[in-house]
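Enquirer: Dropping the sequence and predicted coords here.
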Amino acid sequence: MVDAHTHLDACGATTPDEVREVVDRAVQAGVDRVITVADDLAAARWAAEAATWDERVFAAVALHPTRTSTFGEVEQAELSRLAEQPRVVAIGETGLDYYWDYAPKSAQHEAFRWHIDLAKKVDKPLMIHDRDAHDDILKVLDAEGAPSTVVFHCFSGDLSFARACVERGFVLSFAGTTTFRNAHALREAALWVPEDHLLVETDAPFLTPHPYRGRPNEPYCVNYTVRDLATLREIDLGELATKITRNAERVFGLRDAAES
């Protein structure tokens with residue numbers, strides 16, 4: 001399996017040895033590659049560097065929408081530089097967050113549009129953060145023209161929104177929230193989404209899947225989400241794991257990135 005979205009630094013793994021320890025634990029659970037994702041400029045620099053420490057680690061760089069109240073030429077130049085690095089396999093996480101009041105909506109929209117353009121320039125997937133902003137996310141993507149590959153990290157919509165995303169060719173990445181038994185609308189979407197549009201992630205150290213909800217999360221826990229999805233979709237676990245892994249390799253170009 002591939003953990004399509006994690007934050008190794010937030011998991012407490014900030015040195016090469018600590019990163020290796022976290023990934024070693026994941027490998028023991030069958031999770032052999034991870035994408036560690038930035039949320040600010042310092043984290044972007046760290047993620048790009050960490051991806052060179054261990055061949056099982058890749059990176060995504062962007063400024064999280066809640067961090068966009070200050071987003072100018074300095075940040076744009078640095079992210080553009082990092083985005084060109086071969087083991088940076090996505091631009092993210094970027095998007096809109098209407099839950100927290102840390103950045104004005106106007107600043108979020110401007111930064112989101114800039115990240116969309118960056119993803120097109122470097123021809124890498126756009127990794128979306130969408131919190132309470134479903135309609136506006138789609139409006140911006142439609143208006144700007146979406147990059148060739150768009151991934152909705154920690155997909156949180158219902159079946160209707162999932163259909164709208166898949167109709168546009170977007171990929172939906174499901175996290176531990178999908179395993180929560182009270183997440184009826186989300187589980188309905190996870191049941192429906194076509195296999196070719198499906199990824200899994202932890203978003204560690206957050207959103208630990210059932211039955212360990214509330215405890216610290218790590219990449220190895222993606223295992224529990226995949227098992228739950230296989231049960232929900234009534235499909236063989238090995239078959240689903242193989243399909244999702246191939247999706248991650250295709251979406252993020254992991255084989256090419258590993259060889260660079």
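Expert: On my side now, so go ahead. Numbering: from 1, shown residues only.
Enquirer: The top strand by length along the chain pairs with which strands, and in what direction?
Expert: In the chain, assigned by DSSP state E, the strand with the most residues is strand 88-97. Using DSSP bridges, the strands paired with strand 88-97 are strand 57-61 (parallel), strand 126-131 (parallel).
Enquirer: ok, residues contacting the lengthiest helix in the chain?
Expert: Determined from DSSP state H, the single longest helix within the chain is helix 105-122. Around helix 105-122, the neighbours that count as contacts under C-beta atoms under 8 Å, 6 or more residues apart in numbering are 62-63, 65, 68-69, 71, 76, 79-80, 83-84, 90-92, 94-98, 125-126, 136, 140-141, 144-148. The way it works is simple: take the backbone N, C-alpha and C, and place the C-beta from them, glycine included.
Enquirer: again, but for stretch 199-217
Expert: So stretch 199-217 is contacted by 1-8, 10-12, 151, 153-154, 171-181, 218-219, 221-222, 224-226, 228-229, 244, 247-248, 251 (C-beta under 8 Å, 6+ apart).
Enquirer: How about residue 9, nearest residue that isn't a chain neighbour?
Expert: Distances taken as C-beta to C-beta, 6 or more residues apart in numbering put residue 46 closest to residue 9, at 5.6 Å, once the chain neighbours are dropped.
Enquirer: ok so, going back, just the strands paired with strand 88-97: most buried one?
Expert: Mean neighbour counts were taken over the strands paired with strand 88-97 using mean count of other C-beta atoms under 10 Å, and the top value, a mean of 29, falls to strand 57-61.
Enquirer: how close does residue 25 sit to residue 40?
Expert: From residue 25 across to residue 40, the span is 26 Å (C-beta to C-beta, to the nearest Å).
Enquirer: hang on, I meant residue 84
Expert: According to C-beta to C-beta, residue 84 and residue 40 sit 19 Å apart.
Enquirer: buried residues in the helix or strand bottoming out on mean pLDDT in the chain?
Expert: Least confident helix or strand, the chain: helix 254-259 with a mean of 88, by mean pLDDT, DSSP states H and E. Of all the residues in helix 254-259, those buried under the rule 16 or more other C-beta atoms under 10 Å are 254, 257.
Enquirer: Also stretch 199-211?
Expert: By neighbour count on 16+ other C-beta under 10 Å, the buried set for stretch 199-211 is 199, 200, 201, 202, 203, 204, 205, 206, 207, 208, 209, 210.
Enquirer: Same check on stretch 109-126?
Expert: Residues 109, 111-112, 114-116, 118-120, 122, 124-126 are the ones in stretch 109-126 that count as buried (16+ other C-beta under 10 Å).
Enquirer: And for stretch 6-14?
Expert: In stretch 6-14, counting by 16+ other C-beta under 10 Å, buried: 6, 7, 8, 9, 10, 11, 13.
Enquirer: any idea whether the last one is helix, strand or coil?
Expert: When classified by DSSP: H, G, I helix; E, B strand; the rest coil, residue 13 comes out as coil.
Enquirer: That one: what's it in contact with?
Expert: 19, 21, 22.
Enquirer: what sits against the first one?
Expert: In other words, residue 19. The neighbourhood of residue 19, defined by C-beta under 8 Å, 6+ apart, consists of 8, 13, 50, 53, 54, 57.
Enquirer: with these in mind, which one is nearest to residue 260?
Expert: Residue 260 has its nearest neighbour among the contacts of residue 19 in residue 57, at 13.8 Å by C-beta to C-beta.
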